[in-house]
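K.L.:
Could you work out the structure for the sequence below:
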Amino acid sequence: MQTLAQRDGGLLESIAEFCRISGMAESTFGRHAVNDGKFVARLRDGARVTPETLDRVSRYMALRGVAAPQAPRELRQLIRIAGRPPGLAQAATAGDAPSRNFRFFDNRQKYLLFVSSCGEKEMIARRVGMELANLRPRPPAVRVFDAGMGDGTVLTRVMREMHRRFPTMPFYFVGKEVSLEDVRLSLAKMADRFFEHP
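P.N.:
All right, here's what the predicted structure looks like:
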């Protein structure tokens, strides 16, 4: 294969050329290189790339016989600065870096404040409720999967609307959530929904 880094253009062009030559979809490239199927689409939308991500992409392409892609202009200066002697790098990792030593609880509270102060959840639940009109459920149940249910606000509103539209149909809910605190909050909100629609 040709060396893609020597061609004009940056990272996005190198990836597109690599995918064309390899016969690989860009989403597959993103999934294999950085475990993100939307990586190339995010680049097209103007997302920035960290030096670590660029390194992972370069290693992935190098393993397949392609030279490393060019770094985006905004990263070139950072990459030059990032090259430190090994002794300094070890000393920096030995201490707790402030960026890595963050308080999960504090950041979570900021996030929850933001999420609960905007009307996004209500709009999503309303939109899902409108889409329920298109459902023609068949036994044994209406199945709902919520990937990232958060604190359960949207899901409980959807459950209320589902009960209004399908009062005699059983429901089968599957929710996915990383935070145990969110699971606890969700179950606390769903008690009246379970009572209403046993």
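K.L.:
and the spatially most central residue of the chain, which of the three is it?
P.N.:
Centroid-nearest residue in the chain: residue 36, 8.0 Å away (criterion: C-alpha atoms, centre = their mean). Judged by DSSP: H, G, I helix; E, B strand; the rest coil, the three-state class of residue 36 is coil.
K.L.:
what's the pLDDT at it?
P.N.:
According to the prediction, residue 36 has pLDDT 84.
K.L.:
residues touching it, list them.
P.N.:
If you count contacts by C-beta atoms under 8 Å, 6 or more residues apart in numbering, residue 36 has them with 30, 42. In this view, the C-beta of every residue, glycine as well, is placed from N, C-alpha and C.
K.L.:
what do you get for residue 149?
P.N.:
With C-beta under 8 Å, 6+ apart, residue 149 has these contacts: 155, 175-177, 182, 186.
K.L.:
now swap in residue 60 and tell me
P.N.:
Residue 60 touches 29, 32-34, counting by C-beta under 8 Å, 6+ apart.
K.L.:
Sticking with the residue nearest to residue 34 when sequence neighbours are not counted, tell me its helix or strand.
P.N.:
Of all residues not flanking residue 34 in the chain, residue 56 sits nearest, at 5.2 Å (C-beta to C-beta, 6 or more residues apart in numbering). Remark: residue 56 resides in helix 51-63, with elements defined by DSSP states H and E.
K.L.:
Check the burial of residue 152 by counting its neighbours.
P.N.:
Neighbour count of residue 152, defined by other C-beta atoms under 10 Å: 23.
K.L.:
On the three-state scheme, residue 145 is what?
P.N.:
Assignment for residue 145 (three-state DSSP): strand.
K.L.:
do you know how far it is from residue 172?
P.N.:
Distance, residue 145 to residue 172, using C-beta to C-beta, to the nearest Å: 9 Å.
K.L.:
same deal with residue 184?
P.N.:
The value you get for residue 184 to residue 172, if C-beta to C-beta is used, is 22 Å.
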